[in-house]
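> here are the coordinates; sequence isn't available:
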């Protein structure tokens, strides 16, 4: 999964909460969101001197971020409702981060087959 593929997949499936997303796809999308947020803040405070672009950017990326997060949790075998644990300050964020960093299930799980872009785990002898 490349950066551009992850971004394209994020916008194509912006409201798809079923299925699974690989770890690479999620973190590429996360990087895209960080870059877009930085650019929006630069435009707001460096060019416009007003907070207009950043809130709009946040609203535009809210649904795709939630969808990608839910699909990532599905890849680890967890319900998408676990994303709400991020609402708990500090502890919730840490737990959610661990869930998002966890290796996905190698085979099918209750949320479907593994993502097409997921690389199989290499067995060590």
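Yep, it's here. These numbers come from a predicted model, not from an experiment.

> quick check: the residue lying closest to residue 79 once chain neighbours are set aside vs residue 88, distance?
Closest residue to residue 79 apart from its sequence neighbours, by CB to CB, 6 or more residues apart in numbering: residue 73 at 6.9 Å. In this view, the C-beta of every residue, glycine as well, is placed from N, C-alpha and C. Distance, residue 73 to residue 88, using CB to CB, to the nearest Å: 16 Å.

> so those two - more neighbours on which side?
residue 73 (25 against 12; other CB atoms under 10 Å).

> so what does the longest helix along the chain touch, helix or strand wise?
For the chain, the longest helix by residue count, based on DSSP state H, is helix 53-75. Counting contacts by 3 or more CB pairs under 8 Å, 6 or more residues apart in numbering; DSSP states H and E, helix 53-75 packs against helix 3-12, helix 23-42, helix 91-101.

> among those, show me which one is buried the most.
Of all these, helix 23-42 has the most neighbours on average by mean count of other CB atoms under 10 Å, namely a mean of 17.

> elements contacting that one?
helix 3-12, helix 53-75, helix 91-101.

> average pLDDT for it?
Mean pLDDT, helix 23-42: 95.

> lovely, talk soon.
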